[in-house]
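J.: I need the structure of the sequence given here:
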Amino acid sequence: MKRTLIAAICLMTIASTCVRAEHARGDAAVRTESSVRTGAERMDKYLPLLEGKRVALCGNQTSVVGKTHLVDTLLASHVQLVTLFCPEHGFRGQAEAGAKIASGKDALTGLPVVSLYGKNKKPTAEQLQGIDVLLFDLQDVGCRFYTYISTLHYVMEAAAENHVPVIVLDRPNPNGFYVDGPVLEPDFTSFVGMHPVPVVYGMTIGEYAQMINGEKWLANGVQCDLTVVSLEGYTHQTRYELPVAPSPNLQTVESVFLYPSLCFFEGTNISVGRGTVQPFEMYGAPLLEEGDFKFTPHAIPGVSENPPHKDKECRGFLLREEADNLLDAPDKPVQLNLEYLLTAYKYYSDKEHFFINSNFFDKLAGTSLLRKQIIDGMSEKEIRESWRDGLEEFMEIRGKYLLYEE
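T.: Numbers count the residues shown, from 1 in each chain. Purely as a prediction, here's the structure:
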């Protein structure tokens, strides 16, 4: 009964059209969707480009115009929509992280859905055949290991190779107000890190698309015919609260904010609360010897079928209040919080098995150096110093592609 209740609560949360904090925030801290016009809402900018064209859409549950899905909006506007592409988590965003997504049909519209997280992560020439223009509209969260930017890369690459124009409908980056972390090294390139950028890159997905194109990061240096429909009312200091959960385990503004610092734990034996009603708002494990918070992960259908430490009590820390304090103080400097990792390693009783898969941790970090620095007992200050040159070089590249004020 308890597990059924937990599953029901989580699924109701995911189905909600809004990711909301439990208390109101000041206007200086958070600007909601009423303050910013997304690219999808600026229909006068892109509908003329779709007239008389056979259109494909790469999107998911975050692809909305107000409270209406972009698919319904396009069909109501008599756009000839012929194919839907979807990323990790599926077109309606109901699959857990890492779950393979099958192609098929969208149950609500009957349109064919092509999964880019199943047999192929890159659209094939056959899948693009007969398509005149490809719309891309996904809500990114501003972290290198969040796979929507990897899907963006492959969509742009396939479109360039098959001479299909791409229109990116820009959306705010909820972590777009800072840049931090190690820059990815080429040896650690994977689907959770495809480009030489830091963990947090401080760019919208439209700006990021311009960077991929401009820096010729696509295979063989090809460049796609790219149009970005920009935002209105947005700057990089905007604290934007997402109107729709971007994936099943990022359900609140706090989890989205904590995600860049906590996702490193996915390569360790530490749980980030998958299998609870507050994923990515905590961390802990049965073998963690410090912590003032306890939680027990359970299987939640469609969200976390087999979470780390399933049905085992974990000891650790709840971070929601810490996230709230930072979100409510927009003038306070923000950076990745390495103390979570350093504290967990310090108090984990079986250090030999802290990194359950060092290769995956290194892919998340974009380097093997961070893992070695943690094992060697380096301080956060010392670790940060090793990032400095890479961050300075990246900031020079980033500056060429920004569309919005810092």
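J.: CA only for contacts and neighbour counts going forward, please
T.: Noted.
J.: Output the below-cut-off pLDDT ranges for the stretch 51-200 of the chain.
T.: 89-90, 92-103 (pLDDT under 70).
J.: could you show me where the helices are in the stretch 51-200 of the chain, in order?
T.: Remark: helices assigned in the stretch 51-200 of the chain by DSSP state H, counting those that start in this stretch are 70-76, 125-128, 148-161.
J.: Among the ones you listed, show me which one is buried the most.
T.: helix 148-161 (a mean of 23; mean count of other C-alpha atoms under 10 Å).
J.: Give me the contact list for it.
T.: Residues outside helix 148-161 that contact it (C-alpha atoms under 8 Å, 6 or more residues apart in numbering): 87-88, 116, 121-125, 128, 134, 136, 138-140, 165-166, 191-194, 205, 209, 212, 218-219, 222-225.
J.: Help me confirm that Lys294 is found in a strand?
T.: Yes - under DSSP: H, G, I helix; E, B strand; the rest coil, Lys294 falls within a strand.
J.: Test my guess that it contacts Pro286.
T.: No - using C-alpha atoms under 8 Å, Lys294 makes no contact with Pro286, being 9.4 Å away.
J.: Which residue of these two possesses the greater neighbour count?
T.: A side-by-side neighbour count of Lys294 and Pro286, using other C-alpha atoms under 10 Å, places Pro286 first with 19 against 16.
J.: any chance you could read off phi and psi for the more buried one?
T.: Dihedral pair for Pro286: phi -60, psi -30, per degrees, to the nearest 10.
J.: Give me the distance between it and Phe295.
T.: 10 Å (C-alpha to C-alpha, to the nearest Å).
J.: Can you pull the residues that touch both of these two?
T.: Joint contacts of Pro286 and Phe295 (C-alpha under 8 Å, 6+ apart) are Glu313, Cys314, Arg315.
J.: Of these, just say which sits nearest to Gly52.
T.: Cys314 (56.8 Å; C-alpha to C-alpha).
J.: got a list of what that closest one touches?
T.: Contacts of Cys314 (C-alpha under 8 Å, 6+ apart): Ser271, Gly284, Ala285, Pro286, Leu287, Leu288, Lys294, Phe295, Thr296.
J.: Specify the beta-bridge partners of it.
T.: Note on Cys314: beta-bridge partners by DSSP bridges are Phe295.
J.: coming back round to it: so for Lys294 and Pro286, which residues contact both of them?
T.: Joint contacts of Lys294 and Pro286 (C-alpha under 8 Å, 6+ apart) are Glu313, Cys314, Arg315.
J.: any idea how far the first one is from Leu342?
T.: Read it as Glu313. Taken as C-alpha to C-alpha, the span from Glu313 to Leu342 is 21 Å.
J.: more crowded one of these two?
T.: Ranked by neighbour count (other C-alpha under 10 Å), Glu313 and Leu342 place Leu342 first, with 17 against 14.
J.: Make sure I have this right: that one is in a strand.
T.: No - residue state for Leu342 (three-state DSSP) corresponds to helix; a strand is not indicated.
J.: Leu403 - how many residues pack around it?
T.: 18.
J.: Just give the nearest non-adjacent residue to it, would you?
T.: Distances taken as C-alpha to C-alpha, 6 or more residues apart in numbering put Glu207 closest to Leu403, at 6.5 Å, once the chain neighbours are dropped.
J.: residues touching that neighbour, list them.
T.: Contacts here follow C-alpha under 8 Å, 6+ apart; on that basis Glu207 touches Tyr401, Leu402, Leu403.
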